[in-house]
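Trainee: Build me a structure from this.
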Amino acid sequence: MGTVEKIRCGWSAKDKLYQDYHDQEWGTPNHDDQHLFEMLCLEGAQAGLSWYTVLTKRENYRKAFDKWDVKKIIKYDEKKVEQLMQNEGIIRNRLKINSVITNAKAFLAVQKEFGSFDKYIWSFVNHKPIINHYKHLSGVPAKTAISDAMSKDLLKRGFKFVGSTICYAYMQAVGMVDDHTEDCWKKRKS
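Mentor: Got it, this is the predicted structure:
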């Protein structure tokens with residue numbers, strides 16, 4: 001008998017990198033502050049580009065940004081920004097690089113106010129994942145009223161590259177929203 005291939009969301013068919021990301025992360029609830037920061041920054045880096053482009057550079061980002069250690073990132077100066085601008089392993093966009101530093105500062109302020117970024121960000125979905133039931137990818141929205149509210153609040157707190165579409169992709173990435181299609185093996189049933 002041959003092995004049966006898992007049915008996955010159609011977007012993940014590109015290659016093993018996408019399949020692994022789909023199978024191990026996308027739509028899986030995550031509550032680790034460092035990971036939540038990483039994903040917020042990577043989603044911001046994606047603006048105007050494909051997620052695949054960012055995903056292929058993810059390990060380079062981790063090295064370039066001190067494994068997403070916000071306490072180190074807030075100390076980055078212009079010399080460090082120039083160094084990052086020369087790093088071919090990341091997306092060399094000054095606004096996006098500077099947004100990581102700005103977001104690290106805002107992130108620490110949120111942690112101080114709420115005890116953790118996790119408590120803050122998950123409050124937008126009442127601390128439990130929203131499980132949607134789409135048969136096809138074409139039914140999945142680019143943004144929602146919740147991502148609009150999240151974007152507005154993040155912007156008010158000083159975050160950059162956090163528009164509503166980026167926020168919705170972020171919600172999907174960290175499992176605040178489960179948009180796996182109904183035929184996908186990872187789809188939660190409740």
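
Trainee: all helices of this protein, in order?
Mentor: Counting by DSSP state H, one finds helices in the chain at the ranges 16-24, 33-46, 51-56, 58-64, 70-73, 78-85, 94-114, 117-122, 145-156, 164-173.

Trainee: Next, format those as CSV and append distance to residue 182.
Mentor: (C-beta placed from N, C-alpha, C; glycine too.) Output for those, formatted as CSV (distance: least, C-beta to C-beta, whole Å):
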stretch, distance to residue 182
helix 16-24, 15
helix 33-46, 25
helix 51-56, 22
helix 58-64, 29
helix 70-73, 38
helix 78-85, 42
helix 94-114, 35
helix 117-122, 25
helix 145-156, 21
helix 164-173, 16
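
Trainee: Tell me which of the ones you listed lies nearest to residue 7.
Mentor: With C-beta to C-beta as the criterion, residue 7 lies closest to helix 16-24 of the helices of the chain, at 11.3 Å.

Trainee: so where's this protein shaky on pLDDT?
Mentor: For the chain, the stretches with pLDDT under 70 are 1-4, 190.

Trainee: Nearest to the spatial middle of it, which residue is it?
Mentor: With distances taken as C-alpha atoms, centre = their mean, residue 39 lies nearest the centre of the chain, 3.1 Å away.
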